[in-house]
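Chemist: Below: sequence and its predicted model.
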Amino acid sequence: MRLVNLKTQEEFDADIIAIEEKDLKKIQQSDQFIFDWQVEKEHSIFKITPTEQEEKDQILGLISLSNIPDELRIHIHLVEVAKNNIGKDKIIDRVAGCLLAFATKLAFEKGYLGFTSLVPKTELIELYVTKYGFSQYGRQLAIERQAAINLIQKYL
Amino acid sequence: MKYNKIYQQLKKKYSDAEIADAMMIPADLTAAEEVTMAQEMKAIRFQKLSETTEEDRILADVMRLRFNIEAYLKSNAFLFDKTFGKYLEEYIRILKKSRKAIAEDLALHYTKLSRIINDKEEPSIALCYRLEKHTGNLIKARLWWQLLIKKQAFILEEDEATRIAEQNKVKNALRA
């Protein structure tokens, strides 16, 4: 997957991998993440980092998710991008999109037709629908099939 | 209300669009709401599954094939059961079409297609472009071509007999 440095307009490769215990300590001590990622330990947590060896230690964003095999779906619990990459002054773009697309990729790999669900804050539902192509089911959102493919094609 | 508290803090600095662009903040749910939501999602999921079409299955399987190819290309190992021909054979199996029908789709002679599938002949760049189109752009020409490059890189390193035979033909080599 490719991210964009908005300062230089250069694209660069990134990887999404499972976090290790030492990452959690680093995240807790860092001022880049607001949410308590220790709580997310009960789920699977993945980090997105630059592929470049010298920058591999830099955590650009995090996602926590669960595999629900009985219902053939992946559920996203939380996504957070490092503080430097939020808002009008952000340095790196496409981080959250890549993390969401990664979840749908897992849902394809497991044979779930890309089905990925989440229960976001009500105020943000419309934005996730418009920006990422999720469908709304009451207070819940889900993406699958062609919409999930579109997300992957855009970000991965 | 742990997530709402953070959301309210963020709202002081960022717009909702900026927040949605950078995070997925979950709703704060009571235990009872969590149970209800889980039941609702289960019902939605099974309803959606009952609507699955053959086209959905094909697209999903082609996506899985693409991820398999990407993972293989990322690994260092070369495997003879993961060549261009073998992945093309898997693609045809997913489509449940005959080789004859696929050969026609790709404007390729049936014999040539069979030779490529059986690794008796290497594919051309033209075929990679055609496959990109045939897969609905889900498997790009670049990925197909990289499978060939990976195989050739392996053969280049391993084929000592050809290396010796070809190098015996060389005259006036530089002394380095």
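Modeler: The structure has been received and is ready for your questions.

Chemist: touching chain B at all, the helix ranked longest in chain A?
Modeler: For chain A, the longest helix by residue count, based on DSSP state H, is helix A:95-109. Yes: residues of helix A:95-109 contacting chain B under Cβ under 8 Å from any Cβ of the partner chain: A:95-96, A:100, A:105, A:108-109. C-beta here means a position set from N, CA and C on the backbone, and glycine is covered the same way.

Chemist: Can you show me the helices along chain B?
Modeler: With DSSP H as the criterion, chain B has helices spanning B:2-11, B:16-22, B:31-50, B:54-74, B:84-95, B:99-105, B:110-117, B:125-134, B:141-158, B:160-167.

Chemist: Spell out for me which residue occupies the centre of chain B.
Modeler: residue B:66 (1.3 Å; Cα atoms, centre = their mean).

Chemist: before we move on, back to that, as a markdown table, the helices of chain B with distance to chain A and mean pLDDT would be great.
Modeler: A markdown table is the format used below for those (distance: least, Cβ to the nearest Cβ, whole Å; pLDDT from 0 to 100):
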| stretch | distance to chain A | mean pLDDT |
| --- | --- | --- |
| helix B:2-11 | 6 | 93 |
| helix B:16-22 | 4 | 95 |
| helix B:31-50 | 5 | 95 |
| helix B:54-74 | 4 | 97 |
| helix B:84-95 | 13 | 98 |
| helix B:99-105 | 21 | 97 |
| helix B:110-117 | 25 | 97 |
| helix B:125-134 | 13 | 98 |
| helix B:141-158 | 12 | 96 |
| helix B:160-167 | 32 | 96 |
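
Chemist: Any idea which of these gets closest to residue A:15?
Modeler: Closest approach to residue A:15 among these is made by helix B:54-74 (9.5 Å; Cβ to Cβ).

Chemist: List the contacts of the closest one.
Modeler: With Cβ atoms under 8 Å, 6 or more residues apart in numbering or on different chains as the test, helix B:54-74 has contacts from A:105, A:108-109, A:111, A:113-114, A:145-146, A:149, A:152, B:79, B:82, B:87, B:90-91, B:94-95, B:135-136, B:138-139, B:143, B:146-147, B:150.

Chemist: tell me the strands in chain A, going along the chain?
Modeler: A:2-5, A:10-18, A:44-50, A:61-68, A:73-81, A:92-93, A:116-118, A:135-137, A:140-143 (DSSP state E).

Chemist: The second one and chain B, any residue contact?
Modeler: No: using Cβ under 8 Å from any Cβ, we find that strand A:10-18 stays clear of chain B, coming within 9.5 Å at best.

Chemist: Would you mark the buried spots in that strand?
Modeler: For strand A:10-18, a neighbour-count test (16 or more other Cβ atoms under 10 Å in any protein chain shown) marks A:14, A:16 as buried.

Chemist: got the angle for that strand vs strand A:61-68?
Modeler: Calculated by axes from the mean of the first three to the mean of the last three Cα atoms, to 10 degrees, strand A:10-18 forms an angle of 40 degrees with strand A:61-68.

Chemist: one step back: and the residues of helix A:95-109 next to chain B, which are buried?
Modeler: Counted by 16+ other Cβ under 10 Å, those give A:95-96, A:100, A:105, A:108-109 as buried.

Chemist: now, which of these sits nearest residue B:18?
Modeler: Once Cβ to Cβ is applied, the member of those that ends up nearest residue B:18 is residue A:96, at 10.8 Å.

Chemist: That closest one and residue B:18 touch, don't they?
Modeler: No: assessed by Cβ atoms under 8 Å, residue A:96 is found out of contact with residue B:18, at 10.8 Å.

Chemist: circling back: Serialize the strands of chain A to CSV and add fields for distance to residue B:170 and mean pLDDT.
Modeler: Listed next are these as CSV, based on distance: least, Cβ to Cβ, whole Å; pLDDT from 0 to 100:
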stretch, distance to residue B:170, mean pLDDT
strand A:2-5, 42, 92
strand A:10-18, 39, 95
strand A:44-50, 43, 97
strand A:61-68, 53, 97
strand A:73-81, 56, 97
strand A:92-93, 50, 94
strand A:116-118, 57, 97
strand A:135-137, 64, 95
strand A:140-143, 58, 96
